[in-house]
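Trainee: next input, structure requested:
(2 chains)
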Amino acid sequence: QQQVKQSPQSLIVQKGGISIINCAYENTAFDYFPWYQQFPGKGPALLIAIRPDVSEKKEGRFTISFNKSAKQFSLHIMDSQPGDSATYFCAASASGTYKYIFGTGTRLKVLA
Amino acid sequence: NAGVTQTPKFQVLKTGQSMTLQCAQDMNHNSMYWYRQDPGMGLRLIYYSASEGTTDKGEVPNGYNVSRLNKREFSLRLESAAPSQTSVYFCASSNPIGGYTFGSGTRLTVV
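Mentor: Numbering: from 1, shown residues only, chains lettered A, B, ... in the order given. Below is the predicted model:
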């Protein structure tokens, strides 16, 4: 019940295309859902996060869509750029703990 | 403003050796964490410290110990390293709304 399942494992997108990464969770106590971006040799960095009181959050080219009934959330990267090539992790945590359960990661490559 | 600083960046140990990974943050965060990252397994929580003076086990604590020396510093110790502990280790701290700041990692190889 603690797992966060992330797909796909890897993704190749043309420049200008839309990248979509999906995550699913089981624990209904989770109420904070961040996405992290990691470049090779670096630590993950917070990209965008959402709480279940909204169904969508947008920051620039990055959008989180959240479906509470399906217990799923996804990251959409619009107008994908080669500089977006990185590994993306979804995560979830329950209120007050901030102990994240991370997904297994998606390696995104954007072709120039 | 350095954020979260980890040392060392790279380390090779022989099986059975011990070592301590150091982590310090300068953001006045209460909570600090140690994760390990392995291919295909994402990041798994080893130990965390919700506040100075407290520590708790995470998902994969076996073979590790931690010390929250003060509010800034949180160290991870391997008492007797095993090849299964070959991994990249990340320290993180969090602000009151939950956003993590990660260090740049320690790449550890146990031979």
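Trainee: so A:Gly83: helix, strand or coil?
Mentor: Here A:Gly83 takes the helix state, with states given by DSSP: H, G, I helix; E, B strand; the rest coil.
Trainee: I'd like the distance between it and chain B.
Mentor: Separation of A:Gly83 from chain B (Cβ to the nearest Cβ, to the nearest Å): 19 Å. The way it works is simple: take the backbone N, C-alpha and C, and place the C-beta from them, glycine included.
Trainee: and that residue, what does it touch?
Mentor: A:Val110 (Cβ atoms under 8 Å, 6 or more residues apart in numbering or on different chains).
Trainee: any weak-confidence spans in chain A?
Mentor: Along chain A, the parts satisfying pLDDT under 70 run over A:1-2.
Trainee: chain B contacts on that one?
Mentor: A:6, A:9, A:32, A:34, A:36, A:41-46, A:49, A:89, A:93, A:98-100, A:102-105 (Cβ under 8 Å from any Cβ of the partner chain).
Trainee: those residues in strands, which ones?
Mentor: A:6, A:32, A:34, A:36, A:45-46, A:49, A:89, A:93, A:102 (DSSP state E).
Trainee: just the buried ones from the residues of chain A next to chain B?
Mentor: A:6, A:32, A:34, A:36, A:43-44, A:46, A:49, A:89, A:93, A:98-100, A:102-105 (16 or more other Cβ atoms under 10 Å in any protein chain shown).
Trainee: what's the separation between B:Gly53 and chain A?
Mentor: 17 Å.
Trainee: report the secondary structure state of that residue.
Mentor: What three-state DSSP gives for B:Gly53 is coil.
Trainee: tell me, what's the model's pLDDT at it?
Mentor: As predicted, B:Gly53 sits at a pLDDT of 89.
Trainee: how many residues are close by it?
Mentor: B:Gly53: 9 surrounding residues under other Cβ atoms under 10 Å in any protein chain shown.
Trainee: with adjacent residues omitted, what lies nearest to the residue in chain A that chain B sits nearest to?
Mentor: Proximity of chain A to chain B (Cβ to the nearest Cβ) peaks at A:Gly43, 3.2 Å away. In this structure, A:Gly43 finds its nearest non-sequential neighbour in B:Phe102, 3.2 Å apart by Cβ to Cβ, 6 or more residues apart in numbering or on different chains.
Trainee: kindly give the local confidence score, pLDDT, for the one you found.
Mentor: pLDDT for B:Phe102: 96.
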